[in-house]
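In: Generate a structure from the sequence data that follows.
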Amino acid sequence: GISKSDLKLDFKGVKIGDVDDSAKANDLLGATERGYNGNLSFEVADLWLKAGQTYRIPFLSRQFKNIAGFQQTIKFDQHQLKVNDVQQGILPGFGAAQNNMEPLSEGYLLQSWDYDQNLTIEDGFPLFTIEVTAQEDCLLSNVLYISTEHIRAEAYQYLDRYEINTLQTRIDWIKENKER
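Out: Numbering: from 1, shown residues only. Model prediction:
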């Protein structure tokens with residue numbers, strides 16, 4: 001228990017941290033914008049889509065050399081395009097867990113893929129395929145793009161055990177020579 005003599009002690013405390021309650025927990029004071037050392041471009045055919053038709057859109061890359069992972073937001077105009085599914089291509093371990101399909105009704109899809117070592121994929125093989133249905137006639141490049149709105153659009157290369165090279169992900173549209 002507490003004795004009468006304990007009540008006469010003069011206790012002094014030390015507060016560590018935000019002494020005047022002025023800190024903002026989510027404020028990145030001093031943080032700078034991340035620099036990129038190149039691009040990881042996904043090559044996608046820029047198709048003219050017809051309303052009501054379903055298309056499989058393969059994402060290829062000639063630059064998929066020594067890549068250990070990537071993350072990105074794929075945004076789309078949900079009034080003109082419906083994303084039905086994302087299908088695995090040649091990337092090992094790229095499946096449902098790497099694609100957050102929950103926000104599709106809001107017009108975006110989140111992707112995050114990583115591998116335990118650098119990986120090089122030969123040109124011409126689909127990394128993954130997005131299945132879409134056109135709600136209206138539209139040009140794919142006008143209604144689908146990579147964004148940094150929800151997560152950074154970037155890819156990673158291990159340079160050594162402790163250092164990573166960061167690349168920005170993007171889409172390079174391959175123009176089709178088909179009549180509308």
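In: And the helices in the protein?
Out: Ranges of helices in the chain, per DSSP state H, are 140-143.
In: For this structure, which segments count as strands?
Out: Taking DSSP state E, the strands of the chain run over residues 39-46, 48-49, 54-59, 67-76, 81-88, 99-100, 108-119, 128-134, 138-139, 144-147, 154-158, 164-175.
In: possible to save the ones you listed as a markdown table with mean neighbour count and mean pLDDT?
Out: (Glycine included, C-beta is placed from N, CA and C.) As requested, these are exported to a markdown table (neighbours: other CB atoms under 10 Å; pLDDT from 0 to 100):
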| stretch | mean neighbour count | mean pLDDT |
| --- | --- | --- |
| strand 39-46 | 18 | 97 |
| strand 48-49 | 18 | 98 |
| strand 54-59 | 16 | 98 |
| strand 67-76 | 21 | 97 |
| strand 81-88 | 17 | 97 |
| strand 99-100 | 20 | 96 |
| strand 108-119 | 16 | 95 |
| strand 128-134 | 19 | 98 |
| strand 138-139 | 17 | 98 |
| strand 144-147 | 18 | 97 |
| strand 154-158 | 20 | 94 |
| strand 164-175 | 16 | 95 |
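In: partners of Leu110 in the sheet?
Out: Thr73, Asn100 (DSSP bridges).
In: How about Val86?
Out: Val86 forms beta bridges with Ile130, as assigned by DSSP bridges.
In: For it, list the residues it contacts.
Out: Asn99, Met101, Leu109, Gln111, Phe128, Thr129, Ile130, Glu131 (CB atoms under 8 Å, 6 or more residues apart in numbering).
In: what's the spacing between Glu149 and Tyr108?
Out: 7 Å (CB to CB, to the nearest Å).
In: any residues in contact with both of these two?
Out: With CB under 8 Å, 6+ apart, Glu149 and Tyr108 have common neighbours Thr73, Lys75.
In: Give the closest residue to the residue nearest the centre of the chain in space, chain neighbours not counted.
Out: A centroid search over the chain (CA atoms, centre = their mean) returns Gln72, at 1.4 Å, as the residue closest to the centre. In space, and not counting its chain neighbours, Gln72 is closest to Ala153: 4.2 Å by CB to CB, 6 or more residues apart in numbering.
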